[in-house]
Every structure is written in C-alpha cells, then in structure tokens.
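Peer 1: Sequence first, then the predicted structure, then my questions.
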There are 2 protein chains.
Amino acid sequence: MFKKISIIGCGLIGSSILRAAQKKKVSKLIYVYDKSKDASSFLKDKKLSENVTNDIPSAVKDSELIIIASPLSSYKEVFLLIKDHLKEGTIITDTGSVKREANKIVQGFNLKNVSWIPSHPIAGTEESGPGSGFAELFQNRWCIISPDEDTKKDDIEKVKKFWELLGSKTKIMNPIEHDHILSLTSHLPHAVAYNIVRSVVKNEDNLKDDVIKYSAGGLRDFTRIAASNPIMWRDIFIDNSENILKVLDSFSENLEEMKKAIREKNSDKLIQIFSSTKNIRKEIIKAGQDTDKPDFGRKKS
Amino acid sequence: MFKKISIIGCGLIGSSILRAAQKKKVSKLIYVYDKSKDASSFLKDKKLSENVTNDIPSAVKDSELIIIASPLSSYKEVFLLIKDHLKEGTIITDTGSVKREANKIVQGFNLKNVSWIPSHPIAGTEESGPGSGFAELFQNRWCIISPDEDTKKDDIEKVKKFWELLGSKTKIMNPIEHDHILSLTSHLPHAVAYNIVRSVVKNEDNLKDDVIKYSAGGLRDFTRIAASNPIMWRDIFIDNSENILKVLDSFSENLEEMKKAIREKNSDKLIQIFSSTKNIRKEIIKAGQDTDKPDFGRKKS
C-alpha cells in the first residue's frame, strides 16, 4: 500500500503499529524512531525492525505516511524536528487521545503541501514500552479519524485504509465531538480510578496487606486502569482540561447525592440509583463492545 | 461431611453453593429454599436439586449447617421463620457483605444451642439469579469467616472446611475489621462505578450511541461493576454506611486535589498523582489476586 511509512515513538501503541504493519505488509519500508535509547536498543535487539534510527530526518525522509505515536506533550518538539524534511504530499497522522490541542499545535506550524489527518485508535492496555506491544491490539477496535473539512478525500481514504489494514473499524468525527465523548468514556473513568486507588493506598498503610488480599471485590479492576502510563495521562488531563473538569463536576454532584442517600438511609433513593445503570451495560454488550460472559469473578484466572 | 445442609436464598451465590456442594459431595442431603417462586421453579425445571421446598421449616429441619444467601435486609424475616425449627447444635452461616449489622440482628434473637458463624465469600459476578450461578465461583477466592470469641472451635473448623471444599481459601477476621477493609476494596469501587455510569447516562442522551460505541477506553469496565444486584448494594450501603461515608469523603478530597491540579495545569502534581498508584497494582499481581496479562484491550473478546 505504501512505499515508506514512519513511526515516531515506539511504546505500547507505536510498537503495536510496527508489529501489525509488518504482519499485514502495509508498507515496503517501515522506519522507526524513538527518542529513548532503551526503546531503540530493544527494537534492534529483538529484531523487531531493520530500520530503527536515532536520526529523525532520515526516519521521515521520503515517507508517504508518518504516524506520531509519542506523548501529546512531545508534538511541538517532533514537528520542529521533522518540518523541514517532509516529502511533498506526505500524510501525517497521530494516535493521541486529545484532538483539539494537537490540532492547534500542528496548525501553528502552517505546513505547506502536507496532509495532517489526526487519528485516535481506542485501544491500549495498562502497560507501556515497546515490549508491551502486540500486532492484534487494534483488531476490532474503533479508530476515530478527525480530518479538517478541507482535507483531500484521497488522503483521508488512505488513513482509513491504513487503520483498517491493522484490523480497526474507523469513524470520522470532528475534534470537538471527539474530545467531549472521550472525556466521558475514557478520561472520567481514568480520573476516578486513580483517585480510588489513591484513597485506599494513602490512608491505609497498616491495612495494605489485607487490602491487596481482598481486592477481588472491585478494587482490582481499578488498579488495572490506574496503572496506565503517567505521562500520557498528564498530557490528556492538561490538553482536555475543560471537558474533563465539566464531567468531573457532574460526577461530584452525583456522588454527593448518593452520599446524602446513604447518610439518610434512604432505601428507595438507593435502589433508584443502583437500578439506573443496568441498561447501559446491556446496550454495550449489544453493541459488541464487551461480552456478556461474567468476568467479575475471573473464572479462568 | 454433613448429613443435611440447607441453603436459604438461591440467587447467584446460593445457587453456586448448591452446584459446588453437589459436585464436591459436601452433604448427603442439600435442601434449598427461595422466597421467589420463579427461582424455585427454575431450580426444579433445571433439575438442579431434588429438594427444593417453599416451606422454610422443612428446609432447615434436622439440618447441621444452614447457609443464608439471601439479601442482608431479609435476615430478620428469615430468622423469624426458622428460629423455632432448628436442630440443637446446628451451625448457621451466611454470605453477606457486611458483618456488624448482621451480627446485631442475629444476636437480637438470642438463639440457644446454635452456632452463628458469619462468613463472606469474596466472589461474585455482575449477574444475579439462580441461572447465573456456577460451581467454580468460589475456586481460589477468599472467604472471610467472622466468629465470636466464644464460638466452639469445632464449629469454626466445620465452616472453614465447608468453604475449603467449595474451593475457597479461608481467613478468620473480626467483623469490625471486615467491614472496614471491604468498604475500601469493594464498597468504594462500587459506589464510584455507579456514579460514573450515572454521570454519563444522565447528561448525554444525545450522545448515547457514541458513548456506547467508544466505551472500550475505560467506561466499559465500570458498567460491568455497576450492573450488579441493586437490592444487595442498597443493603450494603445502609448496613455499612459509617465506613462507606468515611472512605467516600476521603475519595472526594483526593478528587478535589486532582481537579485543582487540572485547573492549574500543574504538570508535576499530575505526574505525582498518576505515578502514586502503580505499585499497588504490582503487589496485587504478586499476591495472586490478578494476572499481569494485559486485559484492558481485551485481546480475546
């Protein structure tokens, strides 16, 4: 499909793209760059790529598609380093979890004859680094693509095709809508997971062993989410702060309402609260975003 | 091991005990009672037990071990119905998620020649009803047993042995400590999960389809937890209100601290928050309460 593509940043996401792109023969040449020497050495040692370079211009030179898979906070630096080495007509995409701020940064560079088509694969695990990637990460997962209105149709098709070859389903969505929906489905749950785990760790040093032992009752699943990459999450919370603060305020209001019901031992109100959340679960299963196989007891672990 | 045991309440937990006890041949006779006609019919239709009765005295008559697996709010009614039909020396245990309130209720009946030995299997799924039970539910899960100080050692051993035959690991713990630890590891995560899902469902009717579609980013896991049995959770939040309100207050404080850091775009503080939760995850994996296989991307779903 491509003669040369380049992956900038080779952690969980970047190295999964590398593995999947090789497996699906998406491009003749796949160049890989990572700022970290450890990451580059890992890729070379494990023979994951023949084209690992620590020279960013040669990574992007003549490339038809550049995928930025480094943290949001590195975009400015990455664009500064690559902007004078881009092939005419090249497509640049990314994998970042926030779109509006990324757009601002890239548009600030005012690049000519280059298609900037941001994308966001809704896929990941709680692990990080090039050793944690795997080729199937994007299989059956959604990838949201957020092009400008004046982007070339052909280029958008190429980016769509790229993600579809890696196994994803794609959806075109504007950046504002993207950032709002993700604040609900991903950023809110992560904010809360971090705070749950913090509440437990902070106050209960003397009970830590017991807390760990009996974590199967719910806590376990939150520690998984709260083990994700801190730099990635710092960047998301700063870049999408407006949406996230709004949804956290709404969450706090709901929590206060529940606290009041508990304080007053208001049985009817509590039943109403606990019943109101059942339907969305059913709809998520119906939409194929999860299975209805009970997992809470972790039958097979 | 026993000549006759009785299971009172045959939902997810009770029917899993039934299935496991039959499989492990824990007792010659296993009597089963459920208040709901639907549940009783289900057990009969599916031939899960030959001894389903809607007469509670005959369910507990001559029984050596009675397991109460009905909601906490039903204990008073159950004890009223069974108290005059108990064999001398019988052991009564339960499966409730809160221990202090249950003790108060049972001690109020002042039963003579009967051993009340509460227990709590830390096991479950987000489903409910007799159709959702399975024999392996207790396999490798902890079961906390909370006897009085003056309970007969032999009787405690019998309850321990019972849960171990069903596959559980057992731990003796006093009721006060139990209720405190569970407020951290289970009740807090559930309270928060319900409020996350509520925040999303309540405010975003026009975005509902998209929220469902892109729920893989974190929300999905919370909807699972927030789909658990509403009556069970109402009872837990009322019976363990003191501990739960304390831990929710501490959670709210942490959340406010995070909101402040987001509002101020305080990068260092955010990194500190997101890094502080990594270790407990490692310790949970080390303790065998979860696997380190990444699950967030649901490789095999």
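Peer 2: Perfect, I can see it now.
Peer 1: Using PDB, write out every CA atom in the helix or strand containing residue A:285.
Peer 2: Taking DSSP states H and E as the definition, residue A:285 sits inside helix A:278-286. Output of helix A:278-286 as PDB, limited to C-alpha atoms (Å, rounded to 0.1, in the frame of the first residue of the first chain):
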ATOM      1  CA  LYS A 278     -28.200  -1.500  34.400                       C
ATOM      2  CA  ASN A 279     -29.400  -0.700  30.900                       C
ATOM      3  CA  ILE A 280     -26.300   0.900  29.500                       C
ATOM      4  CA  ARG A 281     -24.400  -2.300  30.300                       C
ATOM      5  CA  LYS A 282     -26.900  -4.300  28.100                       C
ATOM      6  CA  GLU A 283     -26.500  -1.800  25.300                       C
ATOM      7  CA  ILE A 284     -22.700  -2.000  25.400                       C
ATOM      8  CA  ILE A 285     -22.900  -5.800  25.100                       C
ATOM      9  CA  LYS A 286     -25.400  -5.400  22.300                       C
END
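Peer 1: which strands and helices sit next to that helix?
Peer 2: helix B:188-203, helix B:208-213, helix B:219-225 (3 or more C-beta pairs under 8 Å, 6 or more residues apart in numbering or on different chains; DSSP states H and E). Backbone N, C-alpha and C define where each C-beta goes, glycine included.
Peer 1: Can you add mean neighbour count and give those back as JSON lines?
Peer 2: Output for the helices and strands packed on helix A:278-286, formatted as JSON lines (neighbours: other C-beta atoms under 10 Å in any protein chain shown):
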{"stretch": "helix B:188-203", "mean neighbour count": "24"}
{"stretch": "helix B:208-213", "mean neighbour count": "18"}
{"stretch": "helix B:219-225", "mean neighbour count": "25"}
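Peer 1: Nearest approach to residue B:111 belongs to which of those?
Peer 2: helix B:188-203 (31.8 Å; C-beta to C-beta).
Peer 1: ok, the closest one near chain A or not?
Peer 2: Yes - for helix B:188-203, a contact with chain A is found by C-beta under 8 Å from any C-beta of the partner chain, at B:188-203.
Peer 1: pretty sure residue A:118 contacts residue A:101?
Peer 2: No - in this structure, residue A:118 is not within contact of residue A:101 by C-beta atoms under 8 Å, at 10.6 Å.
Peer 1: Comparing the two, which residue is more hemmed in?
Peer 2: Set side by side, residue A:118 and residue A:101 show more neighbours around residue A:118, with 24 against 20, by other C-beta atoms under 10 Å in any protein chain shown.
Peer 1: give the contact list for that one.
Peer 2: Contacts for residue A:118 (C-beta atoms under 8 Å, 6 or more residues apart in numbering or on different chains) come out as A:93-94, A:96, A:99, A:102-103, A:106, A:145-147, A:175.
Peer 1: Out of those residues, list just those in strands.
Peer 2: A:93-94, A:145 (DSSP state E).
Peer 1: Which one of those residues is nearest to chain B?
Peer 2: Checking the ones in strands among the contacts of residue A:118 against chain B with C-beta to the nearest C-beta, the nearest one is residue A:145 at 13.1 Å.
Peer 1: Report the beta-bridge partners for that closest one.
Peer 2: Counting by DSSP bridges, residue A:145 forms beta bridges with residue A:119, residue A:172.
Peer 1: What's the local residue count around it?
Peer 2: Residue A:145 has 23 nearby residues by other C-beta under 10 Å.
Peer 1: so it touches residue A:155, yeah?
Peer 2: No - Residue A:145 is beyond contact range of residue A:155, at 10.6 Å (criterion: C-beta under 8 Å).
Peer 1: ok now do the residue sitting nearest the centre point of chain A, which residues does it touch?
Peer 2: The structure's chain A has its C-alpha centroid closest to residue A:97; by C-alpha atoms, centre = their mean the separation is 5.0 Å. Applying C-beta under 8 Å, 6+ apart to residue A:97 gives the contacts A:72, A:120, A:182, A:186-187, A:232, A:236, A:240.
Peer 1: give me the low-pLDDT residue ranges for the stretch 1-150 of chain A?
Peer 2: Applying pLDDT under 70 to the stretch 1-150 of chain A flags no residue at all.
Peer 1: Name the nearest residue to residue A:109, sequence neighbours excluded.
Peer 2: If you skip the residues right next to it in sequence, residue A:109 has residue A:79 as its closest partner in space, 5.2 Å away by C-beta to C-beta, 6 or more residues apart in numbering or on different chains.
Peer 1: Could you do residue A:98 as well?
Peer 2: In this structure, residue A:98 finds its nearest non-sequential neighbour in residue A:239, 4.1 Å apart by C-beta to C-beta, 6+ apart.
Peer 1: Residue A:107 too?
Peer 2: residue A:116 (7.7 Å).
Peer 1: Tell me who's in contact with that neighbour.
Peer 2: Neighbouring residues of residue A:116 by C-beta under 8 Å, 6+ apart: A:92-93, A:103, A:106-107, A:148, A:151.
Peer 1: Please pick the buried ones from the residues you listed.
Peer 2: A:92-93, A:103, A:106, A:151 (16 or more other C-beta atoms under 10 Å in any protein chain shown).
Peer 1: my guess is the residue nearest to residue A:109 contacts residue A:110, does it?
Peer 2: No - contact between residue A:79 and residue A:110 fails when scored by C-beta under 8 Å: they sit 10.7 Å apart.
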